[in-house]
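In: Need a 3D model of the sequence below.
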Amino acid sequence: MPLRNRLKEFRVRLAVNQQEMGRLAGVSRQTISMIERGDYSPSVTLALKIAKICGVRVEDIFTYEEDGEDE
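Out: Here you go, the predicted model:
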């Protein structure tokens, strides 16, 4: 999946669990878990909310990599 994220890293810095992060962002714990695993790409709105909660830019948490960029 080309969307990479560092959500878990930033969530741990805030000292909140997935349940609390979900509550702060208005989504379920399962959604936060799926984002962290890379199984779900959040909407732009949700990505902005998460970045605001973490006090960083969206680009600090989420990065998009085209297939083949690893070369």
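In: give me phi/psi at Ala25?
Out: phi -90, psi -10 (degrees, to the nearest 10).
In: That one against Leu46, yeah?
Out: Yes: contact criterion Cβ atoms under 8 Å: Ala25 and Leu46 qualify, at 6.5 Å. The way it works is simple: take the backbone N, C-alpha and C, and place the C-beta from them, glycine included.
In: Between these two, which has more neighbouring residues?
Out: Ala25 (20 against 17; other Cβ atoms under 10 Å).
In: can you count the residues close to Arg57?
Out: 11.
In: Can you tell me what sits against the helix or strand hosting Glu20?
Out: Secondary structure from DSSP states H and E places Glu20 in helix 18-25. The contact list for helix 18-25 (Cβ atoms under 8 Å, 6 or more residues apart in numbering) reads 7, 11, 14, 16, 28-33, 36, 46, 49-50, 53.
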